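Q: Task: produce atomic coordinates for the following.
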Amino acid sequence: MSRPMPRRLFALLLLVALWPAALSAQTSAAPAAGASAPRRPTGIVIVNELTKPVLARAPAEQDLAGYLMVYFKDQTHSAYLAVSRDGYAFTDLNGGDPVFDGAALAEQKGVRDPHISRGPDGAFYLAMTDLHIFGKRAGFRETEWQRPQESYGWGNNRALVLMKSWDLIHWTHAIFRVDTAFPELGDIDCAWAPETTYDPVAGKMVVYFTIRYGNKNANIYWAHADVAFTKLETTPKLIPDIGGIDADLTLVGAWQMFFVADAKIRHASSPRITDGYTAFSQRIDPETVPTEAPNVFKRLGTSTYVLMYDVYGARPNNMGFSETEDFVTWRHLGRFNEGAMKGTNFQRPKHGAVTHLTLDELRAVAEHWQVDLKLE
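A: Residues are numbered from 1 along each chain as shown. Okay, here's the model as predicted:
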């Protein structure tokens, strides 16, 4: 009987086989004239459906060995990936070019506010805002916004971009129009900043995001997603008693929600994912300029949680970081490349999120995108 091929060797051979196809693969929509296309292929492959790996499941914490960050840039309206072994120094994949080309993936030819999480099936769930704020300048539309700004405000975008993958290379892709799928929601201005988490009570992935009405009334809504992560299968419902935007949910004892109110990071908690939140009045981040886009991730092997936020009011913009063990007291770590947190080959990330990877996954993405990481 022949011996099974070692797992690492199998993964390496598989990546070598896939590499030419991954580099040449294009999504079904090509960038429009005038678009700022990536300088190199993204390295991902858009597929119609995924085959779930045998025995796929979310790794236990002791099997995790690194960190994966997703973020976007205004200059390209595309999303990027960066990886880290220690959770402090992050290295951009794909040579600093986009991994998710907004012109090819979004109705408005631009993506913003990317969020990535992992489900209990072990898959990665990526959700993004479908919006290009400079769409007219880029030649994607003839008006500043899709609809009159006087009535609908900036953006007036109503689609979410939903993607799913098990290997971070092969992804399904869907543009989901919230307003047309759920006309009962009425005439919404826009929907933005989608994030995902797992609802252990319902046994389903949840997408929660901001919906605005009347060019002023913005709140956080939630809905369950289908298994393939191509649509929302329940009508979005308001999470009451928050009155904020850009929510981030983490289950640590209770549900810990971080959100934005008055351009400041706030905190609320609840025993339930969809309601019952008690909001606390103090500002969590230490900034004196506007902030948004909170995201919480755990430092592996510790009881410490890191709160990352977009300091969009800074000039130039940057990410800020604070950490805690109890969600009451905080140690402020400063901004990227101004304190403990580093971006080794990129600057000015916006609205990011972090999840975890195993050592094999770190090694696989480093080999695929040809990044030199110290992994041992």
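
Q: can you give me the helices in the chain?
A: Assigned by DSSP state H, the chain shows helices spanning 7-24, 102-105, 149-152, 178-181, 359-368.

Q: Need the CA coordinates for the second one. PDB is fine.
A: This means helix 102-105. The C-alpha trace of helix 102-105 is given here as PDB (Å, rounded to 0.1, in the frame of the first residue of the first chain):
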ATOM      1  CA  GLY A 102     -13.900  46.700  -7.300                       C
ATOM      2  CA  ALA A 103     -14.500  47.500 -11.000                       C
ATOM      3  CA  ALA A 104     -15.000  43.800 -11.700                       C
ATOM      4  CA  LEU A 105     -17.000  42.900  -8.600                       C
END
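
Q: Please name every helix or strand in contact with that helix.
A: strand 78-84, strand 111-118 (3 or more CB pairs under 8 Å, 6 or more residues apart in numbering; DSSP states H and E). Every C-beta, even on glycine, is put in place using the N, C-alpha and C of the backbone.

Q: any chance of those in JSON lines, plus mean neighbour count?
A: Formatted as JSON lines, those follow (neighbours: other CB atoms under 10 Å):
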{"stretch": "strand 78-84", "mean neighbour count": "25"}
{"stretch": "strand 111-118", "mean neighbour count": "26"}
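
Q: need the contact list for residue 315.
A: With contacts defined as CB atoms under 8 Å, 6 or more residues apart in numbering, residue 315 has no neighbours.

Q: still on that earlier bit, lowest-confidence stretch among the helices of the chain?
A: Mean pLDDT is lowest for helix 7-24 out of these, coming in at a mean of 38.

Q: Counting neighbours, which bits of stretch 66-78 end up buried?
A: 66, 67, 68, 69, 70, 71, 72, 73, 76, 77, 78 (16 or more other CB atoms under 10 Å).

Q: Identify the bridge partners of the fifth one.
A: Residue 70 has the following beta-bridge partners by DSSP bridges: residue 81, residue 353.

Q: How much space separates it from residue 329?
A: In this view, residue 70 and residue 329 are 28 Å apart by CB to CB, to the nearest Å.

Q: Kindly report the same for residue 240.
A: Counting by CB to CB - residue 240 and residue 329 are separated by 28 Å.

Q: Same question for residue 336.
A: Using CB to CB, residue 336 is found at 23 Å from residue 329.

Q: out of these two, which sits in the busier spot?
A: Between residue 336 and residue 329, counted using other CB atoms under 10 Å, residue 336 has the larger neighbour count: 22 against 8.

Q: Hmm, residue 316 and that one touching each other?
A: No. Applying CB atoms under 8 Å, one finds residue 336 not in contact with residue 316, separated by 10.8 Å.

Q: where do the contact lists of these two overlap?
A: residue 347.

Q: How about the contacts made by residue 171?
A: Each residue near residue 171 by CB under 8 Å, 6+ apart is listed here: 44, 45, 46, 47, 126, 163, 164, 165.

Q: For residue 55, state which of those residues is nearest.
A: residue 165 (17.2 Å; CB to CB).

Q: Tell me the confidence at that closest one?
A: 98.

Q: How many residues are close by it?
A: Other residues near residue 165 come to 20 when the count uses other CB under 10 Å.

Q: Restricting to C-alpha, output stretch 292-305 in CSV.
A: What follows is stretch 292-305, C-alpha atoms only, in CSV (Å, rounded to 0.1, in the frame of the first residue of the first chain):
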residue,chain,number,x,y,z
GLU,A,292,-15.3,54.9,12.2
ALA,A,293,-15.2,51.2,11.2
PRO,A,294,-14.4,49.4,14.5
ASN,A,295,-13.3,45.8,14.3
VAL,A,296,-12.3,43.4,17.1
PHE,A,297,-9.9,40.5,16.9
LYS,A,298,-8.3,38.3,19.5
ARG,A,299,-4.6,38.0,20.1
LEU,A,300,-4.0,34.2,19.8
GLY,A,301,-3.0,32.4,22.9
THR,A,302,-4.0,35.3,25.2
SER,A,303,-7.2,36.8,26.7
THR,A,304,-6.5,40.1,25.0
TYR,A,305,-8.7,41.6,22.3
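
Q: Please spell out which residues along it are buried.
A: 292, 293, 294, 295, 296, 297, 298, 305.

Q: one step back: need the helices and strands packed on helix 102-105 in JSON lines (columns: distance to residue 140 and mean pLDDT).
A: Shown next, in JSON lines, are these (distance: least, CB to CB, whole Å; pLDDT from 0 to 100):
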{"stretch": "strand 78-84", "distance to residue 140": "13", "mean pLDDT": "98"}
{"stretch": "strand 111-118", "distance to residue 140": "13", "mean pLDDT": "98"}
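
Q: of all those, which lies closest to residue 95?
A: strand 78-84 (10.5 Å).

Q: so residue 330 makes contact with residue 323?
A: Yes. Under the contact definition of CB under 8 Å, residue 330 touches residue 323, with a separation of 6.9 Å.

Q: Which neighbours do the two have in common?
A: Contact with both residue 330 and residue 323 is made by residues residue 307, according to CB under 8 Å, 6+ apart.
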